[in-house]
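> Below is the sequence, then the predicted model.
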Amino acid sequence: MAETVVAPERAEAPARPWLARHRGLVVQVVMLSVAAGFLIAMRDQLPDLGAMWASATHAEPGWMAVVVLASAGSMAAFARLQRRLLRVGGVRVSLRRAFAVTYAGNALSTTLPAGPAVSVVYTFRQFRRTGASAQLSAAVILVGGIITTTAYTVIGLLALLADPRARVPAALALAVPMFLLLTLVLAYRRPALRARVAGPLGRAGAAVLAHRRIAPHAERLREGRAALRPTGRDWAALTTLATLNWVFDILALAAAARAVGIDVAPQGVTLVYFAAQAAGSLLPLLPGGIGAIESSMAASLVAFGAALAPAGAAVGLYRLASYWAVVTVGWLAWLALHEGPRLSEQTRCRLSAAGRAAMGGLTAVAFTTPYTVAPTSTPRPRNS
């Protein structure tokens, strides 16, 4: 009779300290506490809360309606962009589900520690549940990010060139890369020069792509190119949606300013918006850039000639619609997608119903927003 060998019990991994497991949350709480302490210490130099409240409560309702619709339109454009990319890859998703995934991912990204990473994983899993392959899901997230980032950069450069005070420095900064690009274009039009230039550039590009930090991203781009092959009509629709994603958000800020009587030129509002985004990115651990974005926006509006109290009111109204309302809808969408904690069946049904109602209303808004993309061509077979 063979002797039975009992496998040794696996040693359990030592439990990590609470501080190590919740480091991101602790850092966020500390930074918010520091920001609150700073506000208390500088309260004498801040705008009068009574004046801000008076400006906010006397905001023009028509412009406030534009703030709400533009904020919804921004999210609608991004949801449609991801839906279009999925359809290019051969996966059809309902508009309501695309909205729910977009809002839920945004809520995770802007409220949790390491939110952007959590949001990417969550969105990837939701795409997989819709029937997209892992390759296609990753490609949609990557390509969507590249398109929106490119549109963001172009809008920012156009705003700099349109503003009289920033036009000359921006033109000088762009002169060198534009000269190099023009030289390359002219060189490639001549076969002899093209042969001389193509070799060194090809080798330099291959060396850069082979770098250990760049190679994984380059591989994902190649996989994305294999999974997604948009037509010219698709590219036009994707570019339009990526641009509208930012334009609607900037329009919401402009409408909030006009609602309290602040008149700033479109390029000025755009520069205020980009300055606030830059300030928020410098402090990524703050959820949603809270504090950094508001203070930067208010200061930038004052720099463009606004009074301090109306500037603070405009920023508060804009953030109420574009951040707090969007985050609230996002968490309702998260619950509606059955990702919530263990709740009673009755509570879950009520929350899911509220989430579906919110998504239904926002879907209706999406159909009324002033943009229409070209109809999608017959989808190609989805890559396995």
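Now that the structure is in, tell me what you want to look at.

> Helix or strand: which one has residue 243?
With secondary structure defined by DSSP states H and E, residue 243 is part of helix 232-259.

> which helices and strands sit right next to that helix?
Secondary-structure packing of helix 232-259 (3 or more C-beta pairs under 8 Å, 6 or more residues apart in numbering; DSSP states H and E): helix 61-88, helix 134-162, helix 266-282, helix 308-319. Glycine gets a C-beta too; all of them are placed from N, C-alpha and C.

> got the buried residues for the second one?
By that I understand helix 134-162. Neighbour counts over helix 134-162 (16 or more other C-beta atoms under 10 Å) mark 135-144, 147-148, 151-152, 155-156, 159-160, 162 as buried.

> picking up where we left off before, so which of the helices and strands packed on helix 232-259 gets nearest residue 114?
For these, proximity to residue 114 was assessed by C-beta to C-beta; helix 266-282 is nearest, at 14.9 Å.

> Give the rounded mean pLDDT of that closest one.
Per-residue confidence for helix 266-282 averages out to 89 on the pLDDT scale.

> Now do the buried residues in that helix.
Those would be 267-277, 279-280, for helix 266-282 by 16+ other C-beta under 10 Å.

> Now distance to residue 87 too, for the residues you listed, in a markdown table please.
Output for these, formatted as a markdown table (distance: C-beta to C-beta, whole Å):
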| residue | distance to residue 87 |
| --- | --- |
| 267 | 35 |
| 268 | 38 |
| 269 | 33 |
| 270 | 31 |
| 271 | 35 |
| 272 | 35 |
| 273 | 30 |
| 274 | 31 |
| 275 | 36 |
| 276 | 33 |
| 277 | 29 |
| 279 | 36 |
| 280 | 32 |
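
> what's the farthest-apart pair in these?
267 and 280 (20.4 Å).

> Could you save the helices and strands packed on helix 232-259 as CSV and add columns showing distance to residue 128?
Formatted as CSV, the helices and strands packed on helix 232-259 follow (distance: least, C-beta to C-beta, whole Å):
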stretch, distance to residue 128
helix 61-88, 11
helix 134-162, 5
helix 266-282, 29
helix 308-319, 33
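
> Low-confidence regions, the protein specifically.
Regions of the chain meeting the criterion pLDDT under 70 cover residues 1-50, 187-188, 192-199, 201-206, 208-209, 211, 215-226, 283-287, 339-384.

> Against which helices or strands is whichever strand or helix holds residue 102 packed?
Assessed by DSSP H and E, residue 102 sits inside helix 95-111. With contacts taken as 3+ C-beta pairs under 8 Å, 6+ apart, helix 95-111 sits against helix 61-88, helix 115-129, helix 325-336, helix 345-368.

> Could I get the buried residue list for the third one?
Going by neighbour count (16+ other C-beta under 10 Å), the buried part of helix 325-336 is 325, 326, 327, 329, 330, 331, 332, 333, 334, 335, 336.

> Tell me how many other residues surround the nearest residue to residue 80 once chain neighbours are set aside.
Distances taken as C-beta to C-beta, 6 or more residues apart in numbering put residue 241 closest to residue 80, at 5.3 Å, once the chain neighbours are dropped. Neighbour count for residue 241, taken as other C-beta atoms under 10 Å: 25.

> measure residue 241 to residue 301 for me?
Separation of residue 241 from residue 301 (C-beta to C-beta, to the nearest Å) stands at 28 Å.

> ok, now residue 311?
Distance of residue 311 to residue 301, computed by C-beta to C-beta: 4 Å.

> Return every residue with contacts to both of these two.
Here residue 311 and residue 301 have residue 262 as joint contacts, going by C-beta atoms under 8 Å, 6 or more residues apart in numbering.

> Look at residue 230 and tell me its secondary structure.
Classification of residue 230 using DSSP: H, G, I helix; E, B strand; the rest coil returns coil.

> give the contact list for it.
85, 88, 238 are the contacts of residue 230 under C-beta under 8 Å, 6+ apart.

> run the last query once more with 7 Å
88, 238 (C-beta atoms under 7 Å, 6 or more residues apart in numbering).

> Would you mind giving both backbone torsions of it?
Main-chain dihedrals, residue 230, degrees, to the nearest 10: phi -70, psi 150.

> again, but for residue 94
phi -70, psi 150.

> before we move on, back to that, mind listing what's buried along the helix holding residue 243?
Within helix 232-259, the residues scored as buried using 16+ other C-beta under 10 Å are 234, 237-238, 240-259.

> Give me the angle between that helix and helix 266-282.
Angle, helix 232-259 to helix 266-282, by axes from the mean of the first three to the mean of the last three C-alpha atoms, to 10 degrees: 100 degrees.

> Helix 232-259 versus helix 134-162: what angle between them?
Counting by the same axes, to 10 degrees, helix 232-259 points 50 degrees away from the direction of helix 134-162.

> just the angle between helix 232-259 and helix 61-88, please?
160 degrees.

> 748 is where my numbering starts, stick with that
Shifting the count to begin at 748 puts that one at helix 979-1006.

> Measure how helix 979-1006 sits relative to helix 1055-1066, angle-wise.
Using the same axes, to 10 degrees: helix 979-1006 against helix 1055-1066 is 140 degrees.

> if I look at residue 1035, how far off is residue 857?
In this view, residue 1035 and residue 857 are 4 Å apart by C-beta to C-beta.

> ah, wrong one, I meant residue 887
As judged by C-beta to C-beta, residue 887 and residue 857 stand 20 Å apart.
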